[in-house]
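**Q** here are the coordinates; sequence isn't available:
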Ligand code: AMP
């Protein structure tokens, strides 16, 4: 199993990647997590990466690809989360893997309606003390807007405001349309409906993966 997961912010991609990784025992590279870990260091590369991530910009393709290359190299099975983010990244990966005779076996594309994404993300509340995440629609705290564990008032993330979310979704679709088309042409794309609860979505993904 050599797969990449695609999906807009709020579609539950990270959650599903975790479940798939545990169910099938396949290791995951999340490029976002890799950068967050890297930024704790004090070297030149960490400084360079920080200058992009802190502004919410994409890290240059060549820098990301170094990390991806090292991770996928000669692996029989892997899951990529957060890569590719644009067509160039998809092509770099494709060339590299084909050269090794270990091309991707599938790309899971989680789909979710824009209004549903906005509802999920605007409903999100985070505890500033322990980091626990709630959702006023799906997993509300026991007491209105207070953390169940710490009792402190919950907060909204600054990038979870309605218009900011719609902008993030627009940018995502603009960048990812050519990537989706690229994998579609290769017959690797599997669209999965991201609506419903976590386990319903996971069952749909398993059906796709087991059928391959
Ligand atoms: P994420 O956790 O996936 O939202 O990633 C956090 C940040 O890491 C992004 O805002 C980018 O700055 C950077 N990043 C993660 N993956 C990539 C990628 N494939 N290409 C470029 N930058 C990335």
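**A** Looks like it arrived, so ask away. Just so it is clear, the structure is predicted and the values come from calculations on it, not from any experiment. Numbering: from 1, shown residues only.
**Q** only C-alpha atoms for contact and neighbour calcs from this point on.
**A** Noted.
**Q** and the contacts of stretch 100-114?
**A** 1-8, 11, 13, 74, 76, 94, 97, 166, 169, 183, 188-195, 205 (CA atoms under 8 Å, 6 or more residues apart in numbering).
**Q** contacts made by stretch 137-155 with the rest, please.
**A** Applying CA under 8 Å, 6+ apart, the external contacts of stretch 137-155 come out as 120, 123, 125, 126, 127, 128, 129, 130, 132, 134, 135.
**Q** tell me which element residue 98 falls in.
**A** Residue 98 is part of helix 87-100, with elements assigned from DSSP states H and E.
**Q** and that helix, which residues are buried?
**A** Neighbour counts over helix 87-100 (16 or more other CA atoms under 10 Å) mark 87, 89, 90, 93, 94, 96, 97 as buried.
**Q** closest to the ligand among the residues you listed?
**A** Here the nearest of the buried residues of helix 87-100 to the ligand, counting by CA to the nearest ligand atom, is residue 89; it sits at 7.2 Å.
**Q** can I assume that closest one is in contact with residue 82?
**A** No: look at residue 89 against residue 82 with CA atoms under 8 Å: they stay out of range, at 10.8 Å.
**Q** and residue 58, how many neighbours?
**A** Neighbour count for residue 58, taken as other CA atoms under 10 Å: 13.
**Q** typo on my end, it should be residue 152
**A** Once other CA under 10 Å is used to define contacts, residue 152 is seen to have 14 neighbours.
**Q** next one: it from residue 17, what distance?
**A** In this structure, residue 152 lies at 30 Å from residue 17, with CA to CA, to the nearest Å as the measure.
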